[in-house]
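>>> Provide a 3D model corresponding to the input given below.
(one chain, ligands or ions: 1)
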Amino acid sequence: MENSDLFVCIDHVAYVGPDNEDAVKYYTEVLGWHELHREVNEEQGVFEIMVAPAAELTEHMTQVQLIQPTRPDATTAKWLEKNRPGLHHMAWRVADIDAVSATLRERGVRLLYDEPRIGTGGSKINFMHPKSGKGVLIEIVQPGTGH
Ligand SMILES: C[C@@H](C(=O)O)C(=O)SCCNC(=O)CCNC(=O)[C@H](O)C(C)(C)COP(=O)(O)OP(=O)(O)OC[C@H]1O[C@@H](n2cnc3c(N)ncnc32)[C@H](O)[C@@H]1OP(=O)(O)O
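Have a look, this model is predicted:
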């Protein structure tokens with residue numbers, strides 16, 4: 001795969017905190033952002049709200065994903081025990097997650113899941129371990145139809 005075919009844009013940046021309704025109130029009422037989507041992802045143990053600076057997404061617009069853990073054994077709950085609320089990960093959009101995953105593995109990148117899992121809006125997701133992301137947890141995401 002050519003380097004130019006790997007990544008499309010920064011899809012979203014994820015904030016983790018204990019109270020999503022409080023976080024979304026701040027983004028919408030103080031900062032003037034728009035809530036575009038919300039859902040609970042049982043597998044990941046997160047309640048997430050997608051917000052953007054515009055009411056309609058343009059092609060490569062980056063969203064902020066507000067995340068509240070839904071159970072104590074969720075990875076984000078464990079993260080909150082060790083860190084203050086704040087930026088948790090960055091997600092890079094891809095067109096073909098299987099092809100990109102294969103190329104990244106060939107290049108020695110450590111992906112957390114053998115196969116993609118389901119993310120926001122039916123997207124397909126995987127994560128690069130922070131050790132493979134220069135200290136940053138990076139999600140790769142192939143958008144679904146409800147994104
Ligand atoms: C639904 C969705 C969507 O977008 O559609 C989502 O986003 S779900 C979002 C929530 N889901 C996820 O995050 C799933 C992927 N994440 C994970 O599986 C986990 O968080 C791991 C990345 C494997 C870390 O778990 P682990 O149990 O190993 O934690 P740990 O505290 O022992 O951390 C191991 C090392 O990774 C570092 N580390 C942990 N979390 C980090 C983070 N968010 N950013 C940067 N570094 C991080 C720790 O500092 C530590 O470094 P040192 O070893 O140097 O001390």
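>>> quick one: low-confidence parts of the protein?
146-147 (pLDDT under 70).
>>> what's the nearest residue to the most centrally placed residue in it if we skip its chain neighbours?
The residue lying closest to the centre of the chain (Cα atoms, centre = their mean) is A91, at 4.7 Å. Once flanking residues are discounted, A91 sits nearest to E139: 3.9 Å by Cβ to Cβ, 6 or more residues apart in numbering. Just so you know, the C-beta spots here come from the backbone N, C-alpha and C atoms, and that holds for glycine as well.
>>> Just grab the bridge partners of that neighbour for me.
A91, F127 (DSSP bridges).
>>> what number of residues lie near it?
When neighbours are counted by other Cβ atoms under 10 Å, E139 registers 24.
>>> Kindly report the same for G122.
Neighbour number of G122 under other Cβ under 10 Å is 12.
>>> Contacts only, for the residue of the chain found nearest the ligand.
The nearest approach of the chain to the ligand comes at G119, 2.5 Å away (Cβ to the nearest ligand atom). Residues near G119 by Cβ atoms under 8 Å, 6 or more residues apart in numbering: 41, 44, 125, 139, 141, 144.
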